[in-house]
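> got a predicted model here, sequence first, then my questions.
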Amino acid sequence: MSRMRPRRLIGWLAGAAVAVVVLVVGGVFVYIHFISGPAPAPLSLKSASSPAVTTNPGAAATAGTLAGSWRVTSGSVVGYRVNEVLAGQNNVAVGRTGDLSGSMTVKGTTVTAASFTVQMATIKSDASGRDAQFNGRIMQTATYPTGTLKLTAPISLAPVPADGVIRTYRATADQTLHGQTRPVTFPLQAERTSAGVEVSGSIPITFANWGISNPSFAGFVTTQNHGELEFLIKFSK
């Protein structure tokens, strides 16, 4: 009998370990699919008057002038989107903030300058633990409090589309994250509205290129080696 006790103990411990794993995975599954819910949709333009996107410069008549100085206004959002595996469950991590500032200058029908600054520590997700990791070992927001983007090449808007027509352009800029500045080129969509101009898009971010620690954590959370910086910026004169 004494020889059986260690085996029973080992069997009990193994069973308990399996039960813990099942509870953890099951709990994460319930949290992701029933409590937290699906990740927010990617930031994009949602024009009621023109849901279709056009890249045809002649698709709409011009309406007025865009020339002048523009400022980022309320309703603007910027953040990140990263695919992760949380305790064996696929998930999409999304963090966002509305704490950004910036300006855009248009001369004639050409954007000649634009720059934006984001307060990194204000970016929040649906999980305080993820936010603590983001502000700490990943982005080190106490050391690198801001992220910036500055246009380095002009963008021609000609011919200027009418209100409600979404156009696709290509932008080239210097982006600063985690204290490092790199050139980036990315597509964006823009739309004139009755209130001003709205611009949306995303920029792929490979973490190692910016000296950013991979968000994977202690074997519990694993992520890809890249993510996306997404934005929806609203301008007013």
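Nice, thanks for sending it over.

> from here on, contacts and neighbour counts on C-alpha atoms
OK.

> how is the chain carved up into domains?
The domain map for the chain lists 1-37, 40-236, with the assignment taken from automatic domain parsing.

> quickly, which of those domains bottoms out on average pLDDT?
Among the domains of the chain, domain 1-37 carries the lowest mean pLDDT, at a mean of 45.

> most tightly packed of the domains of the chain?
domain 40-236 (a mean of 17; mean count of other C-alpha atoms under 10 Å).

> how far does it stretch from one end to the other?
26 Å (C-alpha to C-alpha, to the nearest Å).

> ok, stretch 115-133 next?
Per C-alpha to C-alpha, stretch 115-133 runs 28 Å from first to last residue.

> residues making contact with it?
By C-alpha atoms under 8 Å, 6 or more residues apart in numbering, the residues outside stretch 115-133 that reach it are 36, 78-79, 93-97, 99-104, 135, 141-142, 144-151, 215.

> please enumerate the helices of this protein.
4-30, 128-133 (DSSP state H).

> ok, the residue nearest the centre of the chain - contacts?
Closest residue to the average C-alpha location of the chain: residue 80 at 2.4 Å, with C-alpha atoms, centre = their mean. By C-alpha under 8 Å, 6+ apart, the contact list for residue 80 reads 93, 94, 95, 96, 227, 228, 229, 230.

> narrow the residues you listed to those in strands?
93, 94, 95, 96, 227, 228, 229, 230 (DSSP state E).

> so what's the first one up against?
Just to be clear, that refers to residue 93. For residue 93, the contact set (C-alpha under 8 Å, 6+ apart) comprises 39, 80, 81, 82, 83, 84, 125.

> partner residues bridging it?
Beta-bridge partners for residue 93, by DSSP bridges, are residue 82.

> distance to residue 182 added to the ones in strands among the contacts of residue 80, as TSV?
Shown next, in TSV, are the ones in strands among the contacts of residue 80 (distance: C-alpha to C-alpha, whole Å):
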residue	distance to residue 182
93	24
94	23
95	22
96	22
227	16
228	15
229	14
230	17
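
> show me the two of the contacts of residue 80 that sit farthest apart.
Of all pairs drawn from the contacts of residue 80, the greatest distance, 13.6 Å, lies between 96 and 227 (C-alpha to C-alpha).

> find the nearest non-adjacent residue to residue 69, please.
Using C-alpha to C-alpha, 6 or more residues apart in numbering and skipping residues adjacent in sequence, the residue nearest residue 69 is residue 105, 4.7 Å away.
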